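# quick one, structure for this:
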Amino acid sequence: MDKPHYHGHRERLRERFEKAGLEAFAPHEVLELLLTLAIPRKDVKQPAKALLARLGSLRGVLDAELSELREVRGLGQVAPVALRIIREAANHYLQQKTREGFSLANQEGLFEYCRSALGALTYEVFKVFYLDGGYRILGDETLEEGTIDRAAVYPRRVMDAAIRNRAAALLFAHNHPNGNVSPSDEDKTLTRALVLAAETLQIKVLDHVIVSKDDVFSFRKESLL
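Purely as a prediction, here's the structure:
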């Protein structure tokens, strides 16, 4: 039997990727290539285009909720989970890259990871990075999750976690779901309280980072620490 027309298209996509990566791929072709991993026996061009039409970009697709992805005709139940796995795998890659290559003089890797992991969330999350005396990242942890505009953060709980993780230094990150990364008065007050609490334990606070999908604010870069 003749192969369906899309089999040859899939093969051509894979061959192009093997030769040159994704450099010359259109956004819908990138999605097509990803969908071939989860949809083995169907044409994926139309679902890929429908995803872009609904969600605007590859990032919009990967950041979308499973329920929204499942509303796209032709995508089914498995492909949305596969897209979420791809996104989370990318976040884990960035997390590991950040841990292994972090430098206080160049925090771009950390900013990239925080934007990817937190920037698209619709509620606030407060994350703490634990560092040793050489400013190497020992690990990171989400300590608080909140509403669309607030996560309740308690300095005592943060310091208990720092002692538990044997941290010599701390770095904080949280997201602003509204997209505006300028620190609020509450953000500034919290940062001062965390710095004071850390000082009593001889722990250094290196930075407090606020992220959105597209932007980042660093207390350290703005000389607020």
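
# tabulate the CA atom coordinates of stretch 185-202 in CSV.
Extracted in CSV, the C-alpha atoms of stretch 185-202 (Å, rounded to 0.1, in the frame of the first residue of the first chain):
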residue,chain,number,x,y,z
ASP,A,185,6.3,48.4,47.9
GLU,A,186,5.5,45.0,49.4
ASP,A,187,8.4,43.5,47.4
LYS,A,188,10.8,46.0,48.7
THR,A,189,9.6,45.6,52.3
LEU,A,190,9.9,41.8,52.0
THR,A,191,13.4,42.0,50.5
ARG,A,192,14.6,44.2,53.4
ALA,A,193,13.1,41.9,55.9
LEU,A,194,14.8,38.9,54.3
VAL,A,195,18.1,40.6,54.2
LEU,A,196,17.9,41.5,57.9
ALA,A,197,16.8,38.0,58.8
ALA,A,198,19.7,36.5,56.8
GLU,A,199,22.3,38.9,58.3
THR,A,200,21.4,37.6,61.8
LEU,A,201,22.4,34.1,60.6
GLN,A,202,25.5,35.4,58.7
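
# list the contacts of that stretch.
Identification of contacts with stretch 185-202 by C-beta atoms under 8 Å, 6 or more residues apart in numbering yields 150, 153, 155-156, 158-159, 162-163, 170, 172, 174, 183, 204-205, 208, 210, 219, 224-225. Any C-beta I mention is one placed from the backbone N, CA and C, and that applies to glycine too.

# repeat that for 7 Å
For stretch 185-202, the surrounding residues in contact (C-beta atoms under 7 Å, 6 or more residues apart in numbering) are 153, 155, 158-159, 163, 170, 172, 204-205, 208, 210, 219, 225.

# show me the helices in the protein, by range?
Taking DSSP state H as the test, the helices found in the chain are 5-20, 27-36, 45-55, 58-63, 66-69, 78-101, 108-118, 155-164, 185-200.

# buried ones among the contacts of stretch 185-202?
Burial by neighbour count, judged by 16 or more other C-beta atoms under 10 Å, picks out 153, 158-159, 170, 172, 204-205, 208, 210, 219 from these.

# nearest to Thr36, of the contacts of stretch 185-202?
Using C-beta to C-beta, Ile210 is the member of the contacts of stretch 185-202 that lies nearest Thr36, at 37.7 Å.

# dig out what that closest one forms beta bridges with.
In this structure, Ile210 has the following beta-bridge partners (DSSP bridges): His174, Phe217.

# distance check, it against Phe219.
Summarising the geometry, the distance separating Ile210 from Phe219, computed by C-beta to C-beta, to the nearest Å, is 8 Å.
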